[in-house]
Structures are given as C-alpha cells and as structure tokens.
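Chemist: My questions concern the predicted model and sequence given below.
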Amino acid sequence: MEKTQVLIIGAGPSATVAAGVLNKKGVSVKIIEKESFPRFVIGESLLPRCMDNLEKAGLIDEVKKQGFQTKNGAKFIDNNNVCDFNFSDQYTDGWSWTWQVKRADFDYCLAKAIEDRGVEIEYNTMVTDVEFFEDGKSITTVSDKNGNSKQISADHIIDASGYGRVLPRLLNLNKPSDFPVRTSLFAHFKDDLRHEESEGDRITIIVHTQEIWIWIIPFSDHTTSVGIVGSPEDIDCYDGSANEKLQQWIDKIPELKKRFGSMPTLFDARQITGYSAAVSQLYGKGFTLTGNATEFLDPVFSSGVTFATESGALAAELVAKNLNGENVDWEKEYADYINKGVDVFRTFVTGWYDGTLQKIFFTEKENELMKKQICSVLAGYVWDSSNPFVKKHKRALKALSNAI
C-alpha cells in the first residue's frame, strides 16, 4: 500500500494550487488524475484574484513564461451600448490584470511545474472506492487504464476532481443546483479580424436577449473562444449538428458574423448542458472538497477558476495546519469563507439573468465609485467586506438598480 499525507483527486488548477501550497510547507502530496494531459476543458478567462492564489502556490512565474494573453478587463455590449470595466480602475487593492488561456495549455503548465517540484501525478488513473476511518485517515482504491488496482493510504483527501465530483458521488453529497438549466455551445475560431487595441486584452460579453448571451475570449495565438449561452430550448432553436447550430448563431448575430462568419474553427463545436452543480457539505472527517467538486454557478462572470484556486489554496493551508496538530474550525475557516464568495457571485449571476445588472451596466447615470466597487467583484475580490457590493451585495444591487 502506498502512503502519502495528502491525496489530491484531479490535476486541474484547484489541485495544483493546493499541491503547491502543501509542497511549500513540506507536506507530502500525491495527485490522481483520470485523464492524460494536456486535455481540453472550458473556463478560459481568469480573474485577477487567481493571481494571488497562483503566487501563494509559487506557480505564477512559471505561468508568466508561457506567453498567455493578458486580460485587463471585461467589456459588455448591448446593441450600441457598451460598458467597459478596466481592472486597473477598481475599488479593492489587488491585481489589475490576469490571463486568458487555453485551459489545456494552462493546466498542463501548472501540472508540469508541480511535478518539477517533486509532486507525483498519476495520469489515466481513476478512484473507484474510498474508505474513511474514525481518525479521518483513509484508504483509496484506484485503477489505471489497464485495470490494475492499488490502494493509497492518506491522512487527508482533497477532492479537486471538478465535474467528475468523485467524493460527492461516492459519499452521496451531490444536490441539485437552484439555478435553471442552461446550455453553452462553443468552439475556438481563427481570429484574423481582431482589433487588438479594443478586443485583444479582455473578455467581451454580448447581450443577445436578457436570457441569451455570447462570450468572446481572445488568445495570444490569434485564435478566440466563442460561446453562446442560454436555455436548452433557446440554443437548440436551430437544427443540425453542434457545428451547424453554432454557425447559424454566428450568422444571426451581426457582431459575430462580421468577425467570425468566414473563419474556420479549430475543433468541432461542443455543447454542455446542465453544468450548474451544488453539494450538501464542503468538508468532512478527513476530506475537503475544492473547485467545481463543490459548486459551479454559471460561466457569465468567469468565476470558476477563481473559486478553484481560492478553495484549493485555503484547503491546503488548513490541511497543513491540521496535520501540524493545530485545531481547525472547518465550518468557520473554510465553508463559511468559501460560501460568502459564492453567495456574492450568486447574487450577481441572478442579477444578470433577471435584468438588474444589465440595467446597471448600460445606464447613462453612471456612478464612478460604484462602478469601481462592481469592477472589484468582477475581478474576483468577493471577500473584501469593505466593498458594499460584497458586504451587502443583494441590498446594494437592488438599491442601485432602483436609483437608475
């Protein structure tokens, strides 16, 4: 039987950030990943808050070497109305930029950096069973692609398995999301008609209707991710394959047709439906859930990787503290903290789809201070309690909307 202090399930950003923090603290770590890297995954537009966590894990310098597209803000467009947020002009003292990345390259870069520091990652290996004991220690059974099984003893497990949601599935922790079912239809396009000065350094969100929106995420190699998001009924209003449906959507929306109508895609269009997810608890005796293994809301404000890295870094710090014999109040120090940030973004996602935020973004009565405060939320600084759009997020959004 193999032994490690901490077993991490999954090798995405939540896992590698957690491994980086633990490795710096001298804790032995082993990562199990069911796929081989590099592999495709969505979630390509980071938020500045991610930079704090990459720095905490000692990974940011390695990412800087990759030449990813810098992201300095977010632009929202509704017909002729434009609302442009620059992260350098925000309320919270934090990072003023981040990256837009092809996740296959980004995740592989982080995984290689962790391996270079001596952390073992076993690819093409699945968790098939976990047994926990009264003291929180565990024995995990894993199987490789050839069907060979073995067991790993660990003092603590961090489940960063993303949509695989390994422990929520094995321990019956999954619960339905309270968000309506939505679908996203997307692909990567060649982007020869990009205007670098206005479109290269930020994500663009185009409002088609109150319920349907489009993301445009430019990459440094002059390709761009384009996705349509809405209810399954709305997105599937066209017949045909995913490629045919996406092309019909491109042709329907003037901003997309002009820029991407004649551009080839880099892969066949993909469609993901029902991606919002939740769990009944974020931790238990001997385990912690991080990243999308906890909760995923919606892609509209690109919060996924932020919560992945935030929860990974925090879980690692608390696990190291616990292994050192110190008491950890997991409810207060972990669950309450993570849920506070999730609740802020939940309010903003809800406000986007019910029209509240769109009304605020495109008003002619712009309030400079409030725009800075909202910008900090969009930058991922959703734990800054000095920001009224964090501390009293529901009330603040409602009051601002009513005042317009």
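Modeler: Noted; the coordinates are in hand.

Chemist: Just give me the longest helix of this structure.
Modeler: In terms of residue count, the longest helix belonging to the chain (DSSP state H) is helix 304-323.

Chemist: With just CA atoms, put that helix into PDB.
Modeler: Taking Å, rounded to 0.1, in the frame of the first residue of the first chain, the C-alpha atoms of helix 304-323 are listed here in PDB:
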ATOM      1  CA  GLY A 304     -14.900  29.100 -11.900                       C
ATOM      2  CA  VAL A 305     -11.100  29.100 -11.900                       C
ATOM      3  CA  THR A 306     -11.200  31.800  -9.200                       C
ATOM      4  CA  PHE A 307     -13.100  29.600  -6.800                       C
ATOM      5  CA  ALA A 308     -11.000  26.600  -7.900                       C
ATOM      6  CA  THR A 309      -7.700  28.300  -6.900                       C
ATOM      7  CA  GLU A 310      -9.200  30.100  -3.800                       C
ATOM      8  CA  SER A 311     -10.600  26.900  -2.400                       C
ATOM      9  CA  GLY A 312      -7.500  24.900  -3.300                       C
ATOM     10  CA  ALA A 313      -5.100  27.400  -1.600                       C
ATOM     11  CA  LEU A 314      -7.300  27.700   1.500                       C
ATOM     12  CA  ALA A 315      -7.900  24.000   1.900                       C
ATOM     13  CA  ALA A 316      -4.200  23.300   1.600                       C
ATOM     14  CA  GLU A 317      -3.300  25.900   4.300                       C
ATOM     15  CA  LEU A 318      -5.900  24.400   6.700                       C
ATOM     16  CA  VAL A 319      -4.900  20.800   6.000                       C
ATOM     17  CA  ALA A 320      -1.300  21.700   6.700                       C
ATOM     18  CA  LYS A 321      -2.400  23.400   9.900                       C
ATOM     19  CA  ASN A 322      -4.400  20.400  10.900                       C
ATOM     20  CA  LEU A 323      -1.600  17.900  10.100                       C
END
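
Chemist: tell me what that helix is packed against?
Modeler: Applying 3 or more CB pairs under 8 Å, 6 or more residues apart in numbering; DSSP states H and E, we find helix 304-323 packed against strand 2-9, helix 13-24, helix 49-56, strand 149-159, strand 287-289, helix 337-353. Every residue, glycine included, has its C-beta placed from N, CA and C.

Chemist: For V41, find the nearest of these.
Modeler: Closest to V41 of the helices and strands packed on helix 304-323 is helix 13-24 (CB to CB; 9.7 Å).

Chemist: in the closest one, what's buried?
Modeler: Residues P13, S14, A15, T16, V17, A18, A19, G20, V21, L22, N23 are the ones in helix 13-24 that count as buried (16 or more other CB atoms under 10 Å).

Chemist: how about JSON lines for these, with pLDDT and distance to N86 added?
Modeler: Formatted as JSON lines, the buried residues of helix 13-24 follow (pLDDT from 0 to 100; distance: CB to CB, whole Å):
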{"residue": "P13", "pLDDT": "98", "distance to N86": "24"}
{"residue": "S14", "pLDDT": "98", "distance to N86": "28"}
{"residue": "A15", "pLDDT": "98", "distance to N86": "32"}
{"residue": "T16", "pLDDT": "98", "distance to N86": "29"}
{"residue": "V17", "pLDDT": "98", "distance to N86": "26"}
{"residue": "A18", "pLDDT": "98", "distance to N86": "31"}
{"residue": "A19", "pLDDT": "98", "distance to N86": "33"}
{"residue": "G20", "pLDDT": "98", "distance to N86": "29"}
{"residue": "V21", "pLDDT": "98", "distance to N86": "30"}
{"residue": "L22", "pLDDT": "98", "distance to N86": "35"}
{"residue": "N23", "pLDDT": "98", "distance to N86": "35"}
